[in-house]
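Undergrad: for reference, the sequence and a predicted model appear below.
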Amino acid sequence: MKNARIIAKMVNESQKHVKASWFFTPYTIPDQNLLVLLTPDRHEIGLHVATNPYREWKILENETHRTVKYYTIHGTERLFAQLLWRRSLGQKQASIPDDFPLKSFHESSPCSLDVRRYEAGFESVKEEANRWITENCAMSMHPEWLFKKGEKNRRGPYYDVLRSILDVDRELETLHTKKKAFFIMAHDIQEYEKNIVPTDEFLEKLSERDIDTFTFRERRWCCPITKAPNTWIKTMDNVGLLEIKDYQDWWNNVGKKTRNMVRRAEKSGVKVNLVELTPKLVEGIWKIYNETPIRQGRAFHHYGESLKSVADNASMAKNASFIGAYLEDELVGFIQIIYGDNIAIVSQILSLQKHLDKALNNALLAKAVEICAVKGNRWLMYGRMGNHPSLDRFKESNGFKKYSIARYYVPLTWKGRLAVRLRLHREFKDALPQSLKGLFIPVSNWISRNKALLKLRRRK
């Protein structure tokens with residue numbers, strides 16, 4: 001019933017013209033909480049015949065106080081299930097009398113959303129569903145497979161497609177979930193780009209979707225949280241932040257060494273410009289990704305990525321721009337900037353290591369500051385600080401400062417509360433005292449580096 005309530009709420013919240021038909025057996029009659037959601041203007045209750053059509057029809061109408069007009073038939077191939085439903089062995093479904101007054105919903109030949117979602121990816125099924133809507137084809141689905149796969153009956157999970165069809169739960173589109181130990185934690189992948197102050201309604205939706213803990217960062221530079229509820233667990237976090245007044249101010253305030261690095265790139269013939277996302281740019285990024293499996297002393301997770309995957313990921317970036325560094329016609333480095341509310345974010349900055357002597361990243365970052373200044377972006381963010389000593393030094397030399405912010409953890413279930421009490425909600429590296437990080441980081445890098453090299457040897 002839990003998933004059924006979620007679907008009912010989604011239908012009720014949709015601004016589209018939707019009619020939902022619900023079919024219940026005598027063993028799945030909706031409780032009062034679900035009945036309240038099944039408003040007659042948007043929902044119709046029908047009979048899912050198990051064994052005795054007439055008796056089950058009357059039970060359903062008496063229990064729900066609704067008029068039932070349509071029926072479907074429950075079927076099963078499994079012999080044990082046939083016995084459970086009090087049928088004869090080999091009787092896959094109940095027989096319907098010729099004079100049964102309800103109309104069969106099977107005649108409408110509904111298209112199975114949960115089956116197609118199992119068989120194909122989100123984009124393909126979304127396209128199919130839009131065609132079904134155009135052709136006025138009803139979509140069938142079982143609530144049980146809203147979030148999970150049914151491997152035996154090959155169904156689900158279809159929540160993402162249904163959400164898109166109904167155009168609801170937009171605040172959950174960028175939600176990322178992760179299983180940790182015995183609990184599930186979620187965060188918004190755009191938590192740096194937009195202000196997040198979770199409402200009770202939002203947190204209730206997460207709890208309904210089996211999220212145990214929700215975590216988010218406070219964007220203190222523009223949206224400080226003055227009074228957080230006592231149930232929110234606060235820990236301190238940070239970002240590398242650069243305040244931009246204008247380009248010349250930045251140039252004057254960075255050190256002489258940084259200015260010389262930018263000049264070195266220019267003297268080496270490097271041209272840095274804002275570029276459009278084209279197949280040629282994607283191919284250049286792909287070549288940079290696949291130059292080396294090790295970057296900054298640890299495994300580089302983009303190494304080995306296919307050209308198609310790079311193209312797909314690049315095209316998904318919204319509110320973003322690319323800056324390219326070129327030697328003659330070759331892309332030798334790039335930076336991706338994502339623009340959010342009151343913030344611009346360095347998403348990626350990479351260059352070919354064979355041109356390390358040309359200070360490409362310094363030139364790219366200088367151009368990023370220049371473009372942000374022209375656009376009026378006051379704040380430029382470059383990840384966190386404190387876990388990568390060499391990268392931290394690069395950030396500091398380019399004017400970025402460690403800016404303290406709060407990270408909140410909101411327990412939503414008993415599992416979430418227990419996880420927070422056991423301090424399982426934090427990442428291991430964040431839970432380490434700063435004095436131990438200096439010892440832990442080189443070891444972690446060594447393990448990451450050697451795992452990647454071992455994996456490459458196995459491929460060969």
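TA: Cool, the structure landed. Residues are numbered from 1 along each chain as shown.
Undergrad: residues contacting the residue of the chain most remote from its centre?
TA: What lies farthest from the middle of the chain is Asp99; by CA atoms, centre = their mean that is 50.9 Å. With contacts defined as CB atoms under 8 Å, 6 or more residues apart in numbering, Asp99 has no neighbours. Glycine gets a C-beta too; all of them are placed from N, C-alpha and C.
Undergrad: return the distance of it relative to Pro53.
TA: 10 Å (CB to CB, to the nearest Å).
Undergrad: wait, is the residue farthest from the centre of the chain part of a strand?
TA: No. Asp99 is assigned coil when assessed by DSSP: H, G, I helix; E, B strand; the rest coil, not a strand.
Undergrad: can you pull the phi/psi pair for it?
TA: Here is the backbone geometry of Asp99 (degrees, to the nearest 10): phi -90, psi 10.
Undergrad: same check on Leu412?
TA: According to degrees, to the nearest 10, Leu412 has phi -110, psi -20.
Undergrad: and the gap between the nearest residue to it once chain neighbours are set aside and Pro229?
TA: Once flanking residues are discounted, Leu412 sits nearest to Ser207: 4.4 Å by CB to CB, 6 or more residues apart in numbering. According to CB to CB, Ser207 stands 15 Å off from Pro229.
Undergrad: who's more crowded, those two?
TA: More crowded of Ser207 and Pro229, by other CB atoms under 10 Å: Ser207, with 16 against 9.
Undergrad: that one sits in which helix or strand?
TA: Element membership for Ser207 (DSSP states H and E) is helix 200-208.
Undergrad: residues making contact with stretch 372-391?
TA: Against stretch 372-391 from outside (CB under 8 Å, 6+ apart): 192, 221-222, 237-247, 250, 296-297, 337, 339, 342-346, 368-369, 392, 395, 400, 402, 429, 434, 437-438, 441.
Undergrad: the helix or strand hosting Lys287: what's the following helix or strand?
TA: For Lys287, the host element (DSSP H and E) is helix 279-289. Downstream of helix 279-289, the first helix or strand assigned by DSSP H and E is strand 294-295.
Undergrad: show me the shaky parts of the stretch 351-460 of the chain.
TA: The stretch 351-460 of the chain contains residues with pLDDT under 70 at 428-441, 443, 449, 452, 456, 459-460.
Undergrad: what sits against the nearest residue to Trp145 once chain neighbours are set aside?
TA: What sits nearest to Trp145 in space, not counting adjacent residues and going by CB to CB, 6+ apart, is Gly156, at 2.7 Å. By CB under 8 Å, 6+ apart, the contact list for Gly156 reads Asp114, Arg117, Tyr118, His142, Glu144, Trp145, Leu146, Phe147, Lys148, Lys149, Gly150.
Undergrad: rewinding a little: mutual contacts of Asp99 and Pro53, please.
TA: In contact with both Asp99 and Pro53: no residue, using CB under 8 Å, 6+ apart.
Undergrad: which residue ranges make up the domains of the chain?
TA: 2-168, 245-377 (automatic domain parsing).
Undergrad: looking at those domains, which is nearest to Lys415?
TA: domain 2-168 (15.5 Å; CB to CB).
Undergrad: straight-line length of the closest one, end to end?
TA: End-to-end span of domain 2-168 (CA to CA, to the nearest Å): 18 Å.
Undergrad: can you check stretch 264-275 too?
TA: 22 Å.
Undergrad: cool, stretch 138-155 as well?
TA: 17 Å.
Undergrad: looking at this, Val272 is in a strand?
TA: Yes. Applying three-state DSSP, one finds Val272 inside a strand.
Undergrad: for it, which non-adjacent residue is spatially closest?
TA: In space, Val272 is closest to Lys367, 4.5 Å off (CB to CB, 6+ apart).
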